[in-house]
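J.: No sequence on hand, only this structure:
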């Protein structure tokens, strides 16, 4: 379904949340809003396959409609894996469960409606967080990252993708303009872009790249690299 949630002018856009109406258009929304989303998903799935330890868990934090699980299934081919996709939006989980029929029957894939901030992680070799940490209150992020680090096996990885801002404000401004232009090229009007931005204010709170790396190090990760970056979007791999 096409994303037209912010097409008509609104007196005051409601604060963004992952509601039924957002879940219904989410696949179109993220494809048109996040640069190189499909390519980034494939890269993340390939990294997961590279570092996965047999009989351990892959946790997908904020799994939304289950697209990442499909990419992981393709990257693993016939190799068996255990995957748990977690999202606090029941509407997203309902749609993710529809994706199960597109996955091989021999794979252990489960979608769970739960809050990642208190979910009991265990026996993990891969954690994935695609544009999810930015929706967690900043003061709660380190605690979550420490729990992720603790649950990971030695040589396990955390694959983190986030919207970011730059330390130098001049670059943040230019990168934001590039993102605005990308969304216009994908069919969004200026009205839609501005109203979506207003709805996300104080809901999506990005860090700088340096802040994300600092948080990962404080959580325990010492080997960290950026494996993909496009202006104000970045993907990190952190190895335990």
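T.: Noted; the coordinates are in hand. Not measured: the values here are computed from a predicted model.
J.: What is the burial count for the nearest residue to residue 121 once chain neighbours are set aside?
T.: If you skip the residues right next to it in sequence, residue 121 has residue 151 as its closest partner in space, 3.7 Å away by Cβ to Cβ, 6 or more residues apart in numbering. In short, each C-beta sits where N, CA and C put it, glycine included. Summarising burial for residue 151: neighbours were counted as other Cβ atoms under 10 Å, giving 20.
J.: wait, residue 151 sits on residue 119?
T.: No - with contact defined as Cβ atoms under 8 Å, residue 151 does not reach residue 119; the gap is 9.7 Å.
J.: isn't residue 76 right next to residue 49, touching?
T.: Yes - at 5.3 Å, residue 76 and residue 49 qualify as touching, with contact defined as Cβ under 8 Å.
J.: quick one: stretch 164-174 to chain centroid distance?
T.: What separates the centre of stretch 164-174 from the centre of its chain is 21 Å, taken as Cα atoms, centre = their mean, to the nearest Å.
J.: For that stretch, buried residues please.
T.: Residues of stretch 164-174 classed as buried by neighbour count (16 or more other Cβ atoms under 10 Å): 164-166, 172.
J.: Show only the entries of these found in strands.
T.: Those of those mapping onto strands are 164-165, per DSSP state E.
J.: which of the buried residues of stretch 164-174 lies closest to residue 227?
T.: Of all the buried residues of stretch 164-174, the one sitting nearest residue 227 is residue 164; the distance, using Cβ to Cβ, is 14.0 Å.
J.: For the closest one, list each beta-bridge partner.
T.: According to DSSP bridges, the partner residues bridging residue 164 are residue 207.
J.: Let me see the confidence value for residue 178.
T.: In the prediction, the pLDDT value recorded for residue 178 is 97.
J.: Check the secondary structure at it for me.
T.: Per DSSP: H, G, I helix; E, B strand; the rest coil, the secondary structure class of residue 178 is helix.
J.: which non-adjacent residue is nearest it?
T.: Distances taken as Cβ to Cβ, 6+ apart place residue 231 nearest to residue 178, at 4.8 Å, with adjacent residues excluded.
J.: do you know how far the one you found is from residue 164?
T.: Noted for residue 231: a distance of 9 Å to residue 164, by Cβ to Cβ, to the nearest Å.
J.: got the residue ranges for the strands in the chain?
T.: Using DSSP E, strands in the chain cover 57-61, 82-87, 108-113, 124-130, 152-165, 207-208, 223-230, 233-239.
J.: List the buried residues in the fifth one.
T.: It refers to strand 152-165. By neighbour count, and taking 16+ other Cβ under 10 Å as the criterion, the buried residues in strand 152-165 are 152, 156-165.
J.: Quick check: the farthest pair among the residues you listed?
T.: The largest separation in the buried residues of strand 152-165, counting by Cβ to Cβ, is between 156 and 165 at 28.5 Å.
J.: what sits against the nearest residue to residue 15 once chain neighbours are set aside?
T.: The spatial neighbour of residue 15 that comes closest, neighbours along the chain excluded (Cβ to Cβ, 6+ apart), is residue 203 at 5.7 Å. Applying Cβ atoms under 8 Å, 6 or more residues apart in numbering, one finds that residue 203 lies in contact with 15-17, 135.
J.: Read off the pLDDT value for residue 203.
T.: Predicted confidence (pLDDT) at residue 203: the value is 96.
J.: same question, the one 4 residues further on
T.: Per-residue confidence at residue 207 stands at 98 (pLDDT).
J.: gap between residue 162 and residue 26?
T.: Looking at residue 162 against residue 26, where the rule is Cβ to Cβ, the gap reads 18 Å.
J.: ok, now residue 237?
T.: Noted for residue 237: a distance of 25 Å to residue 26, by Cβ to Cβ.
J.: Residue 128 now?
T.: Taking Cβ to Cβ as the measure, residue 128 falls 17 Å from residue 26.
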